[in-house]
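Trainee: Build me a model:
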Amino acid sequence: MTNRTGPALRLVIAEDAVVVREGLVGLLTDRGLEVAAAVGDPAALLAAVDRTLPDAVVADIRMPPTQRDEGLRAAAELRRRHPRLGILLFSQYIETSYAHTLLADGPAGIGYLLKDRVLDVDDFVEALHRVVDGGTALDPDVVSRLLGARPALDALTPREHETLSHMAAGLTNAAIGARMGISQRAVEKHTATIFEKLDLPRTTAAHRRVRAVLRYLEAREGAPR
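Mentor: As a prediction, the model looks like this:
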C-alpha cells in the first residue's frame, strides 16, 4: 500500500445494498480514510456531496429505482457541480458502454472498477488516491474487454496492447515497467509506438495518453463520438 502523508481522504459512499455499504465503510475506515456519509440512492448521494464536499465519491453504477444506470447519471451531475471531485464507480458486471460514457468528457479524476476489486483493499485505496489526484483508474478486466474487439488497434503487438492496458488503468511508466518486468525506457518506446500507430499528434505526453485511451473506447463503440 502506498504511504501518504497529510489529511485522510474524505469520501461519500453510495450503495443500496446495506451489507455491502457497511462493509465498504469498515474496509475504508480501517485504512485510515474518512467516510463523511454512506447513502443508498442517487438523490441522497447528490445531497451528501453538496453538504459534505468530500474528496471523492465511491458509488455503485446500478442503484434504485430501476437498478440500471442511476449511479452513472448521478456521477455526471456531480462532475457538473463539483468538477474537481474524484469519482470511483463500480459494478458487478463489465459494462463497456458505461466506461465509454464515463470517459467521454475526459478521464481525469474518474475510475471504474468491478466490485470484486474491493476485496483487494490496497489496490482499491490506491485507485481512490489516483482519481483524487486527477488520474484515471480502469479495471483491468474492463480494459481487456475493450481491447479485445477493436479492429482499429489490430496493428498493436501483444506487448503494446499490454502497455496500453496498463496505461488505461492509470499506471505511470515506472509502474508499468515494474508490472511488465521491463525498464522504464522500454515502456517509453512502447508508448511512443502506440501513439504513432494510433496516429496521435504530438502534444503533451499526458494528453496523448488520454487520447490513446479514448481512441480504443471510441473504436469499441464503432465510431468517434
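
Trainee: I'd like to know how many residues surround D154.
Mentor: By the criterion of other C-beta atoms under 10 Å, D154 has 8 neighbours. C-betas here are computed from N, CA, C, even on glycine.

Trainee: Check V187 too.
Mentor: V187 has 23 neighbouring residues, counting by other C-beta under 10 Å.

Trainee: Using CSV, write out every CA atom in the strand or helix carrying it.
Mentor: Assigned by DSSP states H and E, V187 belongs to helix 184-197. The C-alpha trace of helix 184-197 is given here as CSV (Å, rounded to 0.1, in the frame of the first residue of the first chain):
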residue,chain,number,x,y,z
GLN,A,184,11.0,2.5,-18.0
ARG,A,185,12.9,3.3,-21.2
ALA,A,186,11.3,0.2,-22.8
VAL,A,187,7.9,1.4,-21.7
GLU,A,188,8.6,4.8,-23.2
LYS,A,189,9.4,3.1,-26.5
HIS,A,190,6.2,1.1,-26.4
THR,A,191,4.1,4.2,-25.7
ALA,A,192,5.8,6.1,-28.5
THR,A,193,5.0,3.3,-30.9
ILE,A,194,1.4,3.2,-29.7
PHE,A,195,1.0,6.9,-30.3
GLU,A,196,2.5,6.5,-33.8
LYS,A,197,0.3,3.5,-34.7
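
Trainee: so what's P107 closest to, chain neighbours aside?
Mentor: Of all residues not flanking P107 in the chain, T136 sits nearest, at 4.1 Å (C-beta to C-beta, 6 or more residues apart in numbering).

Trainee: same thing with P42?
Mentor: Nearest one to P42, counting by C-beta to C-beta, 6+ apart, is A74 at 4.0 Å.

Trainee: now do L156
Mentor: Leaving aside its chain neighbours, L156 sits nearest to K197 (6.0 Å; criterion: C-beta to C-beta, 6+ apart).

Trainee: Tell me, what's the model's pLDDT at the one you found?
Mentor: Confidence at K197, expressed as pLDDT, is 81.

Trainee: Surely it is in contact with D154?
Mentor: No: taking C-beta atoms under 8 Å as the definition, K197 is not a contact partner of D154, at 9.6 Å.
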